[in-house]
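>>> Task: produce atomic coordinates for the following.
(chains A, B and C)
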Amino acid sequence: MQYWLMKSEPGVYGIDDLAAAGVDYWDGVRNYQARNMMRDQMQVGDQAFFYHSNTKQPGIVGIMSIARAGYPDQTAWDPESEYYDPRSSPDNPRWYRVDVRYERHMARTITLAELKAHADRLEGLALLRKGNRLSIMPVTPDQWAFILSLEAAG
DNA sequence: GCCAACGTTGGC
DNA sequence: GCCAACGTTGGC
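Numbering: from 1, shown residues only, chains lettered A, B, ... in the order given. Next comes the predicted model:
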């Protein structure tokens, strides 16, 4: 069982959208590090925090699970898609996606500010590294448990 | 809206 | 292969 944190802008796709869908694609990722994690490492049953980025109160808003391991992101082949990338093809896919299942909302948002306040306890968490722009990142079991304890403590 | 950080592109 | 220019991310 592995743990992850996945960012999305709520104005584009937020936790409520996933709650409504139940299971949905996590597509449009166009970053090689993030792609490699989806393609090579994520497994069905893994758990992930849903993080709202680029919003008034950035933070962790929910929990989802991986419902399908990495497979080619066909939005890259679709000229109509905003994620179109002519360098990707069905024969030689460049980008990957996973399917995620809604598990639950957090009882309250665990804000970035709160996570930063515990930076010593969350050492190594990519989210807290300066200038971090990675949209998908691993979370250690220890970090996962600690963040869940924050939810209960708040 | 600003800007720091950093990934990507493209000229050489 | 280097690196400057440029575009994007994302917090504030």
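
>>> Go through stretch A:12-26 and flag the buried ones.
A:Tyr13, A:Gly14, A:Ile15, A:Leu18, A:Ala19, A:Asp24, A:Tyr25, A:Trp26 (16 or more other C-beta atoms under 10 Å). The way it works is simple: take the backbone N, C-alpha and C, and place the C-beta from them, glycine included.

>>> ok, those vs A:Ser89, which is closest?
A:Tyr25 (18.8 Å; C-beta to C-beta).

>>> Test my guess that that closest one contacts A:Trp95.
No - the pair A:Tyr25 / A:Trp95 is not scored as a contact, 11.8 Å apart, by C-beta atoms under 8 Å.

>>> residues bridging contact with these two, i.e. touching both?
When contacts are counted by C-beta atoms under 8 Å, 6 or more residues apart in numbering, the set common to A:Tyr25 and A:Trp95 consists of A:Asp73.

>>> and A:Tyr51, how many residues sit next to it?
A:Tyr51 has 25 neighbouring residues, counting by other C-beta atoms under 10 Å.

>>> burial of the closest residue in space to it that isn't next to it in sequence, as a residue count?
In space, A:Tyr51 comes closest to A:Lys7 once its chain neighbours are excluded; the distance is 4.6 Å by C-beta to C-beta, 6 or more residues apart in numbering. Residue neighbour count, defined by other C-beta under 10 Å, stands at 21 for A:Lys7.

>>> Secondary structure class of A:Lys7, three-state.
For A:Lys7, the assignment made with DSSP: H, G, I helix; E, B strand; the rest coil gives strand.

>>> right, and it touches A:Ala48 too?
No - with contact defined as C-beta under 8 Å, A:Lys7 and A:Ala48 do not form a contacting pair (10.5 Å).

>>> if you go through chain A in chain order, where are the helices?
A:15-21, A:32-40, A:112-117, A:141-153 (DSSP state H).

>>> helices and strands around the shortest one, which ones?
This means helix A:112-117. Contacting helix A:112-117 under the criterion 3 or more C-beta pairs under 8 Å, 6 or more residues apart in numbering; DSSP states H and E are the following elements: strand A:59-72, helix A:141-153.

>>> try the longest one
Counting contacts by 3+ C-beta pairs under 8 Å, 6+ apart, helix A:141-153 is packed against strand A:3-8, strand A:47-52, strand A:96-111, helix A:112-117.

>>> There's contact between A:Ala34 and A:Pro138 in this structure, I believe.
No - no contact is recorded between A:Ala34 and A:Pro138 when judged using C-beta under 8 Å, the distance being 10.9 Å.
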